[in-house]
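Undergrad: here is the input, now give the coordinates:
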Amino acid sequence: MAIRKPTKKSNMPAMPGGPKKPATTKMPPPPVAEKAAPKKKFTVETWDDERGEQIVIYADTGAGKTSLARLAPRPVFIGCDDGGNKILNPDGSHLKRVPGVETFEDVRSALQQHDLYADFDTAVIDTATILEDWAEDFVVRTIKTEGGAVAKNILSYGYNKGYKHLYNTMKLILQDCDALVRTGKNVIIVCQGINNNVPNPGGQDFLRHGPRLHTDKAWSIEALYCEWADHILRIAYFDNTVGKDKKVLGTNTRAIFTDAEPHFRAKSRTVHEPVVAFADDKDDSIWQYIFGGGE
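TA: Numbering: from 1, shown residues only. Below you'll find the model as predicted:
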């Protein structure tokens, strides 16, 4: 019987595909549990923060918007045009203003410098209608299109996208106003008036008089500013009588409306009279209601 000789151990490396040692699988460390954020401790107290008043005044041109604002408690004007230069205080003195305001950025800077108002009670933006034009210029100068191109105008961003930028930009002004109001100062925003078409899901669309600010179905700066305000004061003529020819016969009886009707915006959180006298440019009845509890 033939005896098989033991074969020599080969020094050659194992061929691929040969038996392999099982790989050692390293398990990942267990996840570290995040610490729960500390819960804020709440209490209940009387809601009586000493904030300033947030006011929007609007009317057609020449109705007395600036004249009414100058009767508010110790006002200083952030003028977006020179219209206030022609208006005098009841004692014949000129209005107080913040000079050098020429751009959207200037208005924001003036609102943020709270030390400017140390000797005043009320900051007046006159007018937000012009400020919105400045905001549109700011958007075009500072925000590029989605493709990275420099915008030529508000329509360069595509359908309604430019007005989204404009809406968000005008919201910054309200943030600055809120910070000033929290220091106890009042803010009045003056606007020109305009008739806007209001979509009516329950019937026919209709016209509504309101502040001349951009409004559409998606981005309404007009609605944004009206929602912000504690008081929306509409200056208009009190009695519009319709004659036989169905034409409106206007009167010279000017008043301030504080309660909305379907055809105009107005509101007040504290004044319960729907119409307040504004007989002449020295009539401060509305401010007596808002700040002094007048009748």
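Undergrad: what is the burial count for residue 281?
TA: Neighbourhood size, residue 281 [other C-beta atoms under 10 Å]: 16. Yep, even glycine has a C-beta here, placed from its N, CA and C like the rest.
Undergrad: surely it and residue 67 touch.
TA: Yes - with contact defined as C-beta atoms under 8 Å, residue 281 counts as touching residue 67 (4.4 Å).
Undergrad: ranges for the helices of the stretch 101-250 of the chain?
TA: Along the stretch 101-250 of the chain, counting by DSSP state H, counting those that start in this stretch, helices occupy 104-112, 128-142, 161-181, 221-228.
Undergrad: of all those, which one is nearest residue 40?
TA: Ranking those by proximity to residue 40 (C-beta to C-beta) places helix 161-181 first, at 21.0 Å.
Undergrad: please enumerate residues in contact with the closest one?
TA: The contact list for helix 161-181 (C-beta atoms under 8 Å, 6 or more residues apart in numbering) reads 51-54, 104, 107-108, 111-112, 114, 117, 123, 125, 128, 131-132, 135-136, 138-139, 143, 146, 151, 153-157, 187, 189, 213-214, 216, 218-221, 224-225, 228.
Undergrad: sorry, back to before: just tell me which of the helices of the stretch 101-250 of the chain ends up closest to residue 287.
TA: Between the helices of the stretch 101-250 of the chain, helix 161-181 lies closest to residue 287; by C-beta to C-beta that is 16.6 Å.
Undergrad: between helix 221-228 and the closest one, find me the angle.
TA: Angle, helix 161-181 to helix 221-228, by axes from the mean of the first three to the mean of the last three C-alpha atoms, to 10 degrees: 20 degrees.
Undergrad: so for helix 161-181, what gets flagged as buried?
TA: Buried positions in helix 161-181, judged by neighbour count with 16 or more other C-beta atoms under 10 Å: 161-163, 165-167, 169-170, 173-174, 176-177, 180-181.
Undergrad: check the gap between the residue nearest in space to the middle of the chain and residue 285 for me.
TA: In the chain, the centroid-proximal residue (C-alpha atoms, centre = their mean) is residue 171; its distance is 3.5 Å. Remark: distance between residue 171 and residue 285 (C-beta to C-beta, to the nearest Å) = 32 Å.
Undergrad: residue 197 pairs with what?
TA: Counting by DSSP bridges, residue 197 is bridged to residue 207.
Undergrad: and it, how many neighbours?
TA: Neighbours of residue 197 under the rule other C-beta under 10 Å: 10.
Undergrad: start at 269, not 1
TA: Okay, using 269 as the starting number, the last item reads as residue 465.
Undergrad: for residue 307, see how far away it is.
TA: Noted for residue 465: a distance of 48 Å to residue 307, by C-beta to C-beta.
Undergrad: so what's the residue count around the nearest residue in space to residue 482 that is not next to it in sequence?
TA: Among residues not flanking residue 482 along the chain, residue 489 sits closest, at 4.6 Å (C-beta to C-beta, 6 or more residues apart in numbering). Per other C-beta under 10 Å, the neighbour tally for residue 489 reads 22.
Undergrad: show me what contacts residue 489?
TA: 400, 434, 435, 438, 481, 482, 483.
Undergrad: find the nearest non-adjacent residue to the first one, please.
TA: Counting by C-beta to C-beta, 6+ apart, residue 400 lies nearest to residue 481, which is 5.8 Å off, once chain neighbours are set aside.
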